[in-house]
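Student: Okay, predicted coordinates and the sequence, questions at the end:
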Amino acid sequence: MSESSTYTPPPLPGTDWPVMQPGWVWLCGAGPGDPGLLTIHALNALSQADVIVHDALVAPEILAWARADAEAIYAGKRGGKPSALQRDISLQLVDLARAGKKVLRLKGGDPFVFGRGGEEGQTLVQHGVPIRIIPGISAGIGGLAYAGVPVTHRDVNQSVTFVTGHDQSGETPGTLDWAAIARGSQVIVIYMGMKHLDRIRTALVKAGRPSDEPVAITSNATTPQQQVLETTLGSCVEDAARDGIGAPAIICVGRAVLMRQALDWQAMAAGHAPRNTDPLGRGRPAEDR
């Protein structure tokens, strides 16, 4: 594998780390993008795998931490672009395991959050292939947090709903009850929704969400290419087009988005003052409940 980083990660702390066995597949989340958000279990897996079957959103810096002789196989699926069929990816994992390889299936975010990890794991089990599951930090939580948007805040919400913006056909999911979601969840986090953002916006407004409700769109979360757009439900489509915000992106709808005015740590690290230390208008210090 080509070297894309000169950084050498520290050795794993001394403990009883699991050993990858030939013929096993480890289903592993690589986190939202920043290599530092990889779990130690994932780093341990990278150091052992014979072959790494990875998605498009796995950073090259992460792949560079693999064994020097490990084989990397690209199996990315990106909307609107030529992609491997899911059936072929799943059966390739079976074939690699049956060939006696130590296989790491490395997926962006968390493999079980709109990542087809459940499907791939089920295929492996049905074909008699042993698996290990290594969760990852999901972009819908970690990516938004990195951007300064907490998906829960006691003054805003006691519920959060995670939805996908497209189904297996690439269209907006027909089984989603947008009216129920709009009524029942104070904060909505939408994965893979940029292609159908106009339809989603229309459905939410029709269901009663106010057009001036805060929205944050975080593209390429946690990476050097990260872009964050703070907008409203009524103008999010036009503002995203104006600013060139595209996939991969996480969309957050709800008043929790306002907290970024106080929690944009990256702007503060660059020397900017917080825009508003009381964005929810509580009128008292945060520690006073």
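Tutor: Now that the structure is in, tell me what you want to look at.

Student: rest of the way, CA atoms for contacts and neighbours
Tutor: OK.

Student: which stretches of the chain aren't confidently modelled?
Tutor: Within the chain, the segments meeting pLDDT under 70 span 1-10, 12, 77-83, 167-174.

Student: which stretches of it form helices?
Tutor: When secondary structure is read from DSSP state H, the chain shows helices at 40-46, 60-63, 86-98, 117-126, 144-146, 178-184, 197-206, 236-243, 260-263, 265-269.

Student: could these be laid out in TSV, adding distance to residue 226 and mean neighbour count?
Tutor: Output for the helices of the chain, formatted as TSV (distance: least, Cα to Cα, whole Å; neighbours: other Cα atoms under 10 Å):
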stretch	distance to residue 226	mean neighbour count
helix 40-46	23	20
helix 60-63	16	19
helix 86-98	28	17
helix 117-126	25	17
helix 144-146	10	22
helix 178-184	28	15
helix 197-206	19	17
helix 236-243	13	15
helix 260-263	15	20
helix 265-269	11	13
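
Student: Any idea which of the ones you listed gets closest to residue 74?
Tutor: helix 86-98 (9.8 Å; Cα to Cα).

Student: which other helices and strands contact that closest one?
Tutor: Judged by 3 or more Cα pairs under 8 Å, 6 or more residues apart in numbering; DSSP states H and E, helix 86-98 is in contact with strand 103-107, helix 117-126.

Student: Now distance to residue 20 too, for the helices of the chain, in TSV please.
Tutor: As requested, these are exported to TSV (distance: least, Cα to Cα, whole Å):
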stretch	distance to residue 20
helix 40-46	7
helix 60-63	17
helix 86-98	12
helix 117-126	16
helix 144-146	31
helix 178-184	41
helix 197-206	42
helix 236-243	44
helix 260-263	40
helix 265-269	38
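
Student: Of all the helices and strands packed on helix 86-98, which one comes closest to residue 279?
Tutor: Nearest to residue 279, of the helices and strands packed on helix 86-98 and by Cα to Cα, is strand 103-107 at 35.3 Å.

Student: That closest one pairs with which strands, parallel or anti?
Tutor: strand 25-29 (parallel), strand 51-54 (parallel) (DSSP bridges).

Student: how about the helices of the chain, which one is nearest residue 283?
Tutor: Nearest to residue 283, of the helices of the chain and by Cα to Cα, is helix 260-263 at 14.1 Å.

Student: Using PDB, write out every CA atom in that closest one.
Tutor: C-alpha atoms of helix 260-263 as PDB (Å, rounded to 0.1, in the frame of the first residue of the first chain):
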ATOM      1  CA  ARG A 260     -23.000  26.200  17.100                       C
ATOM      2  CA  GLN A 261     -22.900  29.900  17.700                       C
ATOM      3  CA  ALA A 262     -21.400  29.100  21.100                       C
ATOM      4  CA  LEU A 263     -19.600  25.800  20.400                       C
END
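
Student: what's next to that helix, contact-wise?
Tutor: Residues from elsewhere that reach helix 260-263, judged by Cα atoms under 8 Å, 6 or more residues apart in numbering: 147-149, 274-279.

Student: can you tell me which of those residues lies nearest to residue 247?
Tutor: Using Cα to Cα, the contacts of helix 260-263 come closest to residue 247 at residue 147, 15.8 Å.

Student: re the thing from before, tell me which of the strands paired with strand 103-107 is the most buried.
Tutor: Mean neighbours per residue, mean count of other Cα atoms under 10 Å, is largest over these for strand 25-29, with a mean of 27.

Student: Measure how that strand sits relative to helix 117-126, angle-wise.
Tutor: Following axes from the mean of the first three to the mean of the last three Cα atoms, to 10 degrees, one obtains 170 degrees for the angle between strand 25-29 and helix 117-126.

Student: Tell me what angle strand 25-29 forms with helix 86-98.
Tutor: Going by the same axes, to 10 degrees, strand 25-29 makes 130 degrees with helix 86-98.
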